[in-house]
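In: The following comprises the amino acid sequence and a computationally predicted model.
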Protein chains: 2
Amino acid sequence: MKNKVTISDVAREANVSSQTVSRVINRKGEISDETRRLVLEVIQRLGYRPSSIARGLATNRTFTIGLVVPDIANPFFPEIARGIEDFAWERGYGVILCNTVEDPAREEAAIKSLEDKRVDGIIICSARLAQPTLCDLLQPHRAAVLINRTVPSQLAGVVRVDDAYGAGLAVNHLLAHHRREIGFIAGPASSQSGVLRAEGAQKAMAEAGLAIDSLRKTECKPTHAGGLAAARELIAGHPEINALLCYNDLVAIGALQACREMNLSVPQDVAIVGCDDTLLAGLVQPALTTVSVPKYEIGAAAAGMLFSRIAGEAGRDEIVYKPELIVRQSTPGCQ
Amino acid sequence: MKNKVTISDVAREANVSSQTVSRVINRKGEISDETRRLVLEVIQRLGYRPSSIARGLATNRTFTIGLVVPDIANPFFPEIARGIEDFAWERGYGVILCNTVEDPAREEAAIKSLEDKRVDGIIICSARLAQPTLCDLLQPHRAAVLINRTVPSQLAGVVRVDDAYGAGLAVNHLLAHHRREIGFIAGPASSQSGVLRAEGAQKAMAEAGLAIDSLRKTECKPTHAGGLAAARELIAGHPEINALLCYNDLVAIGALQACREMNLSVPQDVAIVGCDDTLLAGLVQPALTTVSVPKYEIGAAAAGMLFSRIAGEAGRDEIVYKPELIVRQSTPGCQ
DNA sequence: TTGAAAGCGTTACCAC
DNA sequence: GTGGTAACGCTTTCAA
């Protein structure tokens, strides 16, 4: 790598001041056509590319945002990331990606490291940190948006799915098909979505006049393996269970596998409902009934909200998407 | 967001020079325990966080690398990204993610924008740009590593899968089960992996004494929809086909669906082989025979190689992984 | 062991 | 229209 061409190299070569070059680059101020052409020609010839770093120092803007996700390998997040990245790209912004791997310490360190990098704003998906810690970490950021997690709107905008409503849809669907012995595999205890879904599910049960504890709850990692282990345990402890409501599709697929191992047929013996409607859901056998969520749109909306906040514009500071139940073969009532 | 605390704020508050503060932060030079403790205390109290931007300008190092992928929503890439991000994170590096969405112009712009951001190095997955363009774009970067694409080692290190070998494995498996009318759904024409797999497949055919053109080739987008369309067309044009070798698992799943539509049973009528062994492969019905590739390891290896290059260390400049054939239900010979 | 000054590459502000 | 100078927040180099 040869040494980078700087703005003064261009200025010298073009016999103008670096101010003039800067003006040409940034299309600011009046410049004679002739000078502009000359400068552009020199820029071209020297292959000059302005340093975002120097610019960032001078302007206090980096045109970079941070994205924090639990795990980009979890199929829920790549589409959200695409929605964010596409939106950001169109506006000349770059995206720094951080995985927390469900580790609160890493989540905290990631948010701080993004602060060090002076990103213009951050988007955090499914934050797992405790509320006070999260708020403290948000504070120093110029702008922030959370996905599926709530904080005071002064600290961050929120884009979320109405998880309680979605869980209600799923429970009502199961109850309509006479599945009353419902097990709930809730995912990580630190997931706000998991908590809200539990509440929504219990509310739906109560409205149907059923005792709340007829819904059995277990926690697990939000992975295939987590779902497998949790389903085994739940069914072993409650053999009467005839339906499982799962934290996400991955967990549901684990549950599917547990049922297969235990010779329980799905949906005849046990109905299974997933969440997120990832690509997987339509492809497994039996295809998964799932609570569908517009992932790409959520990402794009979060990015849009973040840019409003960066720009200091007043705008909505909460967007809530209503999920939809996609009925497939893993529950009764498909065809 | 209140104004950031700077190094001189700390210096003033601690009654030392900013040099001293800098030394404490960077653990450089000798400093009396007393001063160090004092400075650390003030840093803590003021909540000072050094600006990576200013640091980057002064040191010409940003502790950031760029990652360019065709599409993070394609399940092949998230695991690679995890491998890279984990490795980078441990060394204090951040990762800027760029999606090219299979658009060469965006790929080019992404590589340039990473140059502007003065990343310390870049990793490009499955670059689709023409060779001369790619080389020109690589040139200005301090360090670069390509995944599944080859350039002169002076320009970039290479981590790749032996695609030709993998395709050979698949073809031999099919031939061993008397499938000689093989169709090949090759993915994007600009994919070097696709080209190499075609060569490997044809070589395997030739070694079995079969005419090379008994392998019919079609291109497609590397998606579920792309595979569906390509398989429909290929089978319609060549009804004698009894096996399909697919660019990746997504394409193979599209092909699976095409067969279902055409009332062809898999694997009895048509055997299907995918590639990459993504999560999907084991979960669809019938489960997919696929050429398996160590995605996370590839990512980690690429990151490792990149850091060697950034550090200017001599090291391997090509790592080749041998893929493995995972036989499942979509081809004969499973149980 | 500590400090002063220069420099990194840009933009902002004020002259001309 | 254009240029000079300071400033952004840090590290590096040289002196003390």
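Out: Structure received.
In: nearest residue to residue A:82 other than its sequence neighbours?
Out: residue B:73 (5.0 Å; C-beta to C-beta, 6 or more residues apart in numbering or on different chains). The C-beta positions use only the backbone N, C-alpha and C, and glycine is treated the same way.
In: Show me where the stretch 101-250 of chain A has its helices.
Out: A:104-116, A:131-138, A:163-176, A:192-207, A:224-237, A:249-261 (DSSP state H, counting those that start in this stretch).
In: Taking the stretch 201-335 of chain A, what residue is nearest to chain B?
Out: Nearest residue of the stretch 201-335 of chain A to chain B (C-beta to the nearest C-beta) works out as residue A:285 at 3.1 Å.
In: Let me know how buried that residue is, in neighbour terms.
Out: For residue A:285, the count of nearby residues is 14 (other C-beta atoms under 10 Å in any protein chain shown).
In: can you give me phi and psi for it?
Out: Phi and psi for residue A:285, reported as degrees, to the nearest 10, are phi -120, psi 120.
In: same question, residue A:311
Out: Per-residue torsions, residue A:311: phi -80, psi -10 (degrees, to the nearest 10).
In: From residue A:57, how far out is it?
Out: According to C-beta to C-beta, to the nearest Å, residue A:311 stands 21 Å off from residue A:57.
In: Looking at these two, which has the bigger crowd around it?
Out: Ranked by neighbour count (other C-beta under 10 Å), residue A:311 and residue A:57 place residue A:57 first, with 18 against 10.
In: so which helix or strand takes in that one?
Out: Assigned by DSSP states H and E, residue A:57 belongs to helix A:52-59.
In: And DNA strand D, is that helix touching that?
Out: Yes - applying C-beta under 7 Å from any atom of the strand, one finds helix A:52-59 touching DNA strand D at A:54, A:57, A:58.
In: closest to residue A:191 among those?
Out: residue A:57 (38.4 Å; C-beta to C-beta).
In: Quick check, that closest one in contact with residue B:54.
Out: Yes - if you go by C-beta atoms under 8 Å, residue A:57 and residue B:54 touch, sitting 5.6 Å apart.
In: Skipping adjacent residues, who's closest to residue A:307 in space?
Out: Ranked by C-beta to C-beta, 6+ apart and with sequence neighbours excluded, the top spatial neighbour of residue A:307 is residue A:91, at 6.5 Å.
In: Neighbours of the one you found, how many?
Out: So residue A:91, with other C-beta under 10 Å, has 12 neighbours.
In: thinking again about what came up before, of the residues of helix A:52-59 next to DNA strand D, which ones also sit close to DNA strand C?
Out: A:54, A:57, A:58.
In: Show the overlap between those and what lies near chain B.
Out: A:54, A:57 (C-beta under 8 Å from any C-beta of the partner chain).
In: Tabulate the ones next to DNA strand C among the residues of helix A:52-59 next to DNA strand D (a markdown table), appending distance to residue B:22.
Out: Putting those into a markdown table (distance: C-beta to C-beta, whole Å) gives the following:
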| residue | distance to residue B:22 |
| --- | --- |
| A:54 | 19 |
| A:57 | 16 |
| A:58 | 21 |
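In: how about a markdown table for the ones next to DNA strand C among the residues of helix A:52-59 next to DNA strand D, with distance to residue A:214 and pLDDT added?
Out: Below are those laid out as a markdown table (distance: C-beta to C-beta, whole Å; pLDDT from 0 to 100):
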| residue | distance to residue A:214 | pLDDT |
| --- | --- | --- |
| A:54 | 64 | 97 |
| A:57 | 61 | 96 |
| A:58 | 63 | 96 |
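In: So residue A:20 is in contact with residue A:30, correct?
Out: No - Residue A:20 is not in contact with residue A:30 according to C-beta under 8 Å; the separation is 11.0 Å.
In: So if I had to pick from the two, which one is more boxed in?
Out: residue A:20 (21 against 5).
In: tell me the SS of the more buried one?
Out: With DSSP: H, G, I helix; E, B strand; the rest coil as the basis, residue A:20 sits in helix.
In: now the one 10 residues further on
Out: Using three-state DSSP as the criterion, the local structure at residue A:30 reads coil.
In: Okay, angle between the helix holding residue A:57 and helix B:104-116 too, please.
Out: Following axes from the mean of the first three to the mean of the last three C-alpha atoms, to 10 degrees, one obtains 60 degrees for the angle between helix A:52-59 and helix B:104-116.
In: what helices or strands is helix A:52-59 leaning on?
Out: Packing partners of helix A:52-59 (3 or more C-beta pairs under 8 Å, 6 or more residues apart in numbering or on different chains; DSSP states H and E): helix B:52-59.
In: Enumerate the beta-bridge partners assigned to the residue most central in space within chain A.
Out: For chain A, the residue nearest the mean C-alpha position is residue A:125 (3.8 Å; C-alpha atoms, centre = their mean). Per DSSP bridges, the residues bridged to residue A:125 are residue A:147.
In: Could you check how far it is from chain B?
Out: 13 Å (C-beta to the nearest C-beta, to the nearest Å).
In: Pretty sure that residue sits against residue A:145.
Out: No - the criterion here is C-beta under 8 Å, and residue A:125 misses it with residue A:145 at 9.8 Å.
In: thinking again about what came up before, quick one: contacts for the residue nearest to the centre of chain A?
Out: Residue A:125 is in contact with A:67, A:68, A:69, A:70, A:77, A:80, A:146, A:147, A:148, counting by C-beta atoms under 8 Å, 6 or more residues apart in numbering or on different chains.
In: Give me the pLDDT for the last one.
Out: Listed pLDDT for residue A:148 reads 98.
In: near DNA strand D, which residues of chain A?
Out: So far as C-beta under 7 Å from any atom of the strand goes, chain A lies against DNA strand D at A:15-20, A:23, A:29-32, A:34-36, A:54, A:57-58, A:60.
In: For the buried ones among these, write the corresponding ChimeraX selection.
Out: Here is the ChimeraX command that picks out the buried ones among the residues of chain A next to DNA strand D, judged by 16 or more other C-beta atoms under 10 Å in any protein chain shown:
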select /A:16,20,23,35,54,57
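In: Could you check how far the residue nearest to residue A:18 when sequence neighbours are not counted is from chain B?
Out: Leaving out its chain neighbours, the residue that sits closest to residue A:18 by C-beta to C-beta, 6+ apart is residue A:11, at 4.2 Å. Distance of residue A:11 to chain B, computed by C-beta to the nearest C-beta: 19 Å.
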